[in-house]
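Asker: sequence first, then the predicted structure, then my questions.
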Amino acid sequence: MTTTTTSDPRRGLGRYGEALAARYLRERGMRVLERNWRCEHGEVDIVALDDDGCLVVCEVKTRRDTAFGDPVEAVTVAKAMRLRRLAAAYARAHPGPAAVRIDVVGVLCRPGAPPLVRHVVGVGS
Amino acid sequence: MTLGLGRTRSVALTGLDGTLVDVEAHIAAGLPAFTVGGLPDTACAQAPDRVRAAAHTAGAPVPPHRVTVNLSPASVPKRGSAFDLGIAVAVLAAAGVLPRRAVEDVVHLGELSLDGRLRGVRGVLPAVLAAARRGERHVVVPDENVAEAQLVGDVVVHGARSLEQVIGWYRDAAGGGSLPVAERRVPDGGGSGPGVDLADVVGQPEARAALELAATGGHHLLMTGPPGVGKTMLAERLVTILPPLGREEALEVHAVRSLVAPVGDVTELDRTPPFVAPHHSTSVAALAGGGSGVVLPGAVSRAHHGVLFLDEAPEFRSSVLQTLRQPLESGEVVIARARQLVRYPARFLLVLAANPCPCGMAFGKGADCTCDSRDIRSYTSRLSGPLLDRVDLRVHVPPVRRAAFAEETGESSATVAERVLAARGAQAERWSPAGWRVNGLVPGYVLRRPPYRLPGSTTVALDTALDAGRLTLRGYDRVLRLAWSSADLAGRAVPTRDDVATGLVLRRAEGVAA
């Protein structure tokens, strides 16, 4: 990820989407363990624990419109593979949970409309 | 979230055999993906990209979920882009855009372009024939293929220009209506036969008689003669004296044509038998059929129910000529591949033309011939063997003398065709209980045994030739066949001595061993 200045509106949108996603996951009974966890392979947007004890590594994608496709469409096969590596790295660093799962949350923030959240469970198989 | 299952129909072709394919689409939760399973080839596996773009343009985008399409039975290879429309309709039905029940019993064929237009595809005729045979009642085909699909009688054809149009139809039909039926296309004239006539040929009475016999009994023919005497001209006119194709035969001919002709070329049933003349540089695959990936029919199948003319026959590579033996024997070509066995029909009348020697001048006294005897021997020997065994008629076509111009013009194709048709009727009556249609297909032993055995007084010339070793037993059978054809042409119930003599004369040609 390239570093951007705090005045970049895209960065602001991303942070807003991540916050929204975290709230969404909490409302569905998950416990958010970490936000923006970093390691040598990259960054995980949200790490959470499902109510059945499954570790959830979650990628958040936020978009203003669907001109370049649905937000979750931005997660390509290559990105899903990277998320798997990140999940493995997190599980090694924090042993405990029996199962690991990778989710993607897409947030669509159309101007003048309430944001739309779409949660795709169990990606990267 | 729209989850669901959609199902519709299409047809996969293996050669001319169509398999009805269930196109199933499933939409499930997951990252957006669009995969096609069920043994698609490259073009078919790329269908998702075309369908996604076309559906977007048509205003009914493919939902951003995990879309899985299966083409079942998965064991049959699916080739080409004709599955695009079926896949699009199944996916949109799964998404709830189209009514699921309405699309289930309709066969869809056609390639989608990125802007949603429906493009014509090859092989629509055999595909629709297969669908109709399996009891399907409705087919949606691209507009370009409507006339072709309508050649199949017992099926309702719907011709669409775009995916948008198809979507509109199904939405309208959801209220209890039905899809609009394509108007019957009236082909714009054209097909007025080959435009040649036997009357164009000057002289050559012997070759004319041989052509007539060939057309009558389905006897293969070899013509030898110097360049420029009209061998090609004669061969081209053979189709004008053959009986016109029946409806079933014409459908078979056009089904083959549908696989190789440009899209939209097959619009009406042309009852003239096909005439196919491959060049002598042709390859085995071009003659017998083949190709990488899709196995296409070759020249022998394009000549099905018609005439295959090999000009300069000795110039063909011997491996190419050898491939003719299987279709000559069984009336079909079988092309074996690791995954599939493709059959194409190939029952044709073989006409070979050859020069008497490599330089072409070894006729008459052969004074102008510049070939040495070894060249001539190797040239003529290229045609001998099993291939020539199957050629009943061997005639020499001599150079035309000026006196021939003064003769009255020969009979027209129409006159000869009439006689041939009558003689075919007689053969059908005689042989149909045993399953043969023409004298050329009757096994020799049948003609040598009662009730078809001819009295010794009739066959005396033939018996003498056999005893003297001038004729093999196989040659004996061939003369008998020709004698029967000659009798049928003359309207006689049983061949006479003259018919046998005709047969004997017409299977000998200079320069080629009998």
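Answerer: Sure thing, it's come through.
Asker: how is chain B carved up into domains?
Answerer: What the record gives for chain B is the domain set B:4-173, B:198-506, from automatic domain parsing.
Asker: mind putting those into JSON lines with mean neighbour count?
Answerer: (C-beta placed from N, C-alpha, C; glycine too.) Written out in JSON lines, the entries for those read as follows (neighbours: other Cβ atoms under 10 Å in any protein chain shown):
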{"stretch": "domain B:4-173", "mean neighbour count": "21"}
{"stretch": "domain B:198-506", "mean neighbour count": "18"}
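Asker: closest one to A:R110 among the ones you listed?
Answerer: domain B:4-173 (15.4 Å; Cβ to Cβ).
Asker: and that closest one, how far out from the chain middle?
Answerer: Using Cα atoms, centre = their mean, to the nearest Å, the distance from the centre of domain B:4-173 to the centre of the chain it belongs to is 28 Å.
Asker: do that domain and chain A meet?
Answerer: Yes - under the criterion of Cβ under 8 Å from any Cβ of the partner chain, domain B:4-173 makes contact with chain A via B:A29, B:G30, B:L31, B:P32, B:P64.
Asker: check contacts around the one residue in the stretch 151-300 of chain B that gets nearest to chain A.
Answerer: In the stretch 151-300 of chain B, no residue comes nearer to chain A than B:L163, which is 19.9 Å away by Cβ to the nearest Cβ. B:L163 makes contacts with B:A54, B:A55, B:T57, B:A58, B:L85, B:A88, B:L112, B:G116, B:R117, B:L118, as judged by Cβ atoms under 8 Å, 6 or more residues apart in numbering or on different chains.
Asker: quick one: which of the residues you listed sit in strands?
Answerer: Secondary-structure check on the contacts of B:L163 using DSSP state E: residues within strands are B:L112, B:L118.
Asker: which SSE is immediately downstream of the lengthiest helix in chain A?
Answerer: With DSSP state H applied, the helix covering the greatest number of residues in chain A is identified as helix A:9-27. Sequence-wise, the next helix or strand beyond helix A:9-27 is strand A:31-39, with elements assigned using DSSP states H and E.
Asker: what pairs with that next one, parallel or antiparallel?
Answerer: Looking at strand A:31-39 with DSSP bridges, its partner strands are strand A:42-49 (antiparallel).
Asker: find the nearest non-adjacent residue to B:A210, please.
Answerer: If the residues on either side of it in the chain are set aside, B:A210 comes closest to B:V395, at 4.4 Å by Cβ to Cβ, 6 or more residues apart in numbering or on different chains.
Asker: residue ranges in the chain under the pLDDT threshold?
Answerer: The chain I'm using is chain A. Using pLDDT under 70 as the threshold, the predicted model of chain A has low-confidence ranges A:1-7, A:124-125.
Asker: sorry, should have said chain B
Answerer: Applying pLDDT under 70 to the predicted model, the residue ranges of chain B that meet it are B:1-3, B:186-194, B:384, B:404, B:406-408, B:508-514.
Asker: find the closest residue to chain A in it.
Answerer: For chain B, Cβ to the nearest Cβ, closest residue to chain A: B:P64, 3.7 Å.
Asker: coming back round to it: packing partners of the longest helix of chain A?
Answerer: Helices and strands touching helix A:9-27, as assessed by 3 or more Cβ pairs under 8 Å, 6 or more residues apart in numbering or on different chains; DSSP states H and E, comprise strand A:31-39, strand A:42-49, strand A:54-63, strand A:99-108, strand A:116-120.
Asker: would you tell me which one of those strands is buried the most?
Answerer: strand A:54-63 (a mean of 23; mean count of other Cβ atoms under 10 Å in any protein chain shown).
Asker: now B:V11, which residues is it bridged with?
Answerer: Each beta-bridge partner of B:V11 is listed here: B:L20, as defined by DSSP bridges.
Asker: residue contacts, it?
Answerer: Taking Cβ under 8 Å, 6+ apart, we find B:V11 in contact with B:G18, B:T19, B:L20, B:V21, B:A82, B:V107, B:L109, B:A127, B:V128, B:A130, B:A131.
Asker: next up, the contacts around the first one.
Answerer: Read it as B:G18. Remark: with contacts taken as Cβ under 8 Å, 6+ apart, B:G18 is in contact with B:V11, B:A12, B:P126, B:A127, B:L129, B:A130, B:A131.
Asker: I figured the third one hits B:A12, correct?
Answerer: No - contact status for B:P126 versus B:A12: not in contact, 10.9 Å apart, counting by Cβ atoms under 8 Å.
Asker: returning to what we had before: looking at the residues of domain B:4-173 next to chain A, which are in strands?
Answerer: Within these, no residue falls in strands by DSSP E.
Asker: ok and the residue in chain A nearest chain B?
Answerer: Using Cβ to the nearest Cβ, the closest approach of chain A to chain B is made by A:D70 at 3.7 Å.
Asker: need phi/psi at that residue.
Answerer: For A:D70, the backbone dihedrals are phi -60, psi 150 (criterion: degrees, to the nearest 10).
Asker: quick check: it touching B:P61?
Answerer: No - contact between A:D70 and B:P61 fails when scored by Cβ under 8 Å: they sit 9.7 Å apart.
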